[in-house]
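**Student:** For reference, the sequence and a predicted model appear below.
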Amino acid sequence: MFVDRTKIIIKSGKGGDGHSSFRREKYVPAGGPDGGDGGKGGDLIFQVDDGLNTLVDFRHKRKFAAQDGEPGGKRRCSGKSGEDLILRVPEGTIVKDASSGRVIADMSRENRRQVILTGGRGGLGNQNFATSTMQAPQYAQPGKPAKELEVQLELKVIADVGLVGYPNVGKSTLLSRVSNAKPKIANYHFTTLNPNLGVVELGEGKGFIMADIPGLIEGASEGVGLGHEFLRHIERTRFLIHVVDAAGIEGRDPVEDVYQIVDELSAYNKEMGQLPKVIAANKVDLIYDESENDNLKRLKEEFEPKGTKVFPISGVTGNGIKELLYYTADQLEKIDLEPVTFPQEYFPDEELVYENLPYTVTVEDGVYVVEGPKIERMLGFTNLESEKGFAFFQRFLKTTGILDDLEEAGIQEGDTVKMYGLSFEYLK
């Protein structure tokens, strides 16, 4: 079963509690504190597995948790750290915060392994709190809590070239003929219900990865049919082959089909509608009387003056396919496009720490004062002098809603914002 979207709940391990105990030995009447430290909780890690091409492993199990750290023991014995939990996913998986939709990780290209939630730090045993004035501390530190988050997993295929077109125009047949892919092929709509990937080898070091994207229909960008389920798989491609039925055996107009597909792509994502493309006019083997079928002529006259080349091909006989593939490979070499990756927008280890802490926004003599445990704790752990620290500070203000609250309070550009002795000029 092909699964390309699912929600799961992930949790790191809790840190083990520190231990409170005292040395008890014969002839040692006043043994000092010897409580050991708790172990660190396990991390929750995502890792790419090249042997996977679906998220089906997450369909029937929804909760995943790393191991808690063990508590410390007597005689200065530290607790064992919890084992990390590694969740293996196919390349191209996007990990998002389920509530906000912001990207946590894009498991593609060089990003093969990423820690999503770090385990809680182990608590210190009472041996760490002995001083010259307090030689018998009873206190041991509890372990830091685990972090828990619901995430959305989305698989967006990794391919250089995407085959797009209406159902039953021959995309699967073309892919099976030119690559190692073996899609199911039959003469009815929506035969392909999941993307198929194939490697096209042209020799002399030339080649590319091609994806057969399931057939689109009008309204796909609005979620009609299985539109959204299919469109996400085109987002990473760098070049499109529009496959149309040049024979018109089902009464469709191939020229109109190309425009409608472009419209659907643009409505879903403007950049997708502007991707470079070529048109594969398929099923020319079914054109028996060219004088009665001017679809090829119409396609060439309509699109080639606009820079989109038209190739008559037959997925059944193979005619014209070689020329189409070599042209596609040449175009890929000319395209100066970076591989499509999705930058991280949500930082669980930073944002979950402050999620449930309160804050207030007040106005005093024209100065906007932001206070509360959330702000105090953030400033205590952030170095605003560093570029990374200041970038986190800006994200913190935006993602926690503080900027929205300042706007609601009437702040204007140039006004002063004060946070625990620090003053900032507000800039939109």
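**Tutor:** Looks like it came in fine. Predicted model only: the values in this text are computed from it and were never measured.

**Student:** can you list the domains in this protein?
**Tutor:** Domain assignment for the chain by automatic domain parsing gives 1-154, 161-334, 350-425.

**Student:** And the helices in the stretch 51-200 of the chain?
**Tutor:** Per DSSP state H, counting those that start in this stretch, the stretch 51-200 of the chain carries helices over the ranges 171-178.

**Student:** what's around Glu110, how many residues?
**Tutor:** Neighbours of Glu110 under the rule other CB atoms under 10 Å: 6. All C-beta spots, glycine's among them, are computed from the backbone N, C-alpha and C.

**Student:** can you tell me how far it sits from Arg23?
**Tutor:** 51 Å (CB to CB, to the nearest Å).

**Student:** Kindly report the same for Glu235.
**Tutor:** 63 Å.

**Student:** Between those two, which has more neighbouring residues?
**Tutor:** Neighbours per residue (other CB under 10 Å) separate Glu235 from Arg23, with Glu235 holding more: 20 against 14.

**Student:** Please name the residues that touch the more buried one.
**Tutor:** 156, 269, 272, 340 (CB atoms under 8 Å, 6 or more residues apart in numbering).

**Student:** Using CSV, lay out the residues you listed together with neighbour count.
**Tutor:** As requested, those are exported to CSV (neighbours: other CB atoms under 10 Å):
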residue, neighbour count
Lys156, 23
Asn269, 15
Met272, 21
Val340, 16
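
**Student:** Flag every buried residue along stretch 38-54.
**Tutor:** 38-46, 48-49, 53 (16 or more other CB atoms under 10 Å).

**Student:** Let's see which of these end up in helices.
**Tutor:** Residues of those located in helices (DSSP state H): none.

**Student:** Among the contacts of Glu235, which one sits closest to Leu240?
**Tutor:** Met272 (8.4 Å; CB to CB).

**Student:** Could you look up the SS state of that closest one?
**Tutor:** helix (DSSP: H, G, I helix; E, B strand; the rest coil).

**Student:** From the contacts of Glu235, which land in strands?
**Tutor:** The strands, defined by DSSP state E, take in nothing from the contacts of Glu235.

**Student:** Can you lay out those residues as JSON lines showing distance to Asp330 and pLDDT?
**Tutor:** Formatted as JSON lines, those follow (distance: CB to CB, whole Å; pLDDT from 0 to 100):
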{"residue": "Lys156", "distance to Asp330": "26", "pLDDT": "81"}
{"residue": "Asn269", "distance to Asp330": "26", "pLDDT": "79"}
{"residue": "Met272", "distance to Asp330": "22", "pLDDT": "80"}
{"residue": "Val340", "distance to Asp330": "21", "pLDDT": "75"}
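
**Student:** measure Thr341 to Phe46 for me?
**Tutor:** Relative to Phe46, Thr341 is positioned 15 Å away (CB to CB).

**Student:** low-confidence ranges in the chain?
**Tutor:** For the chain, applying pLDDT under 70 flags the ranges 1-2, 27-30, 180-195, 205, 214-230, 288-293, 336-339, 353-357, 377, 380-383.

**Student:** At the geometric centre of it, which residue do we find?
**Tutor:** The structure's the chain has its C-alpha centroid closest to Ile94; by CA atoms, centre = their mean the separation is 2.1 Å.

**Student:** Excluding chain neighbours, what is closest to it?
**Tutor:** Glu154 (4.6 Å; CB to CB, 6 or more residues apart in numbering).

**Student:** repeat for Val243
**Tutor:** Gly165 is the one closest to Val243 (CB to CB, 6+ apart), at 3.9 Å.

**Student:** Number of residues surrounding the one you found?
**Tutor:** For Gly165, using other CB under 10 Å, the count is 26.

**Student:** Now do it against Gly401, distance only.
**Tutor:** Distance of Gly165 to Gly401, given as CB to CB: 44 Å.

**Student:** so Tyr368 bridges to which residues?
**Tutor:** Beta-bridge partners recorded for Tyr368 (DSSP bridges): Val363, Val417.
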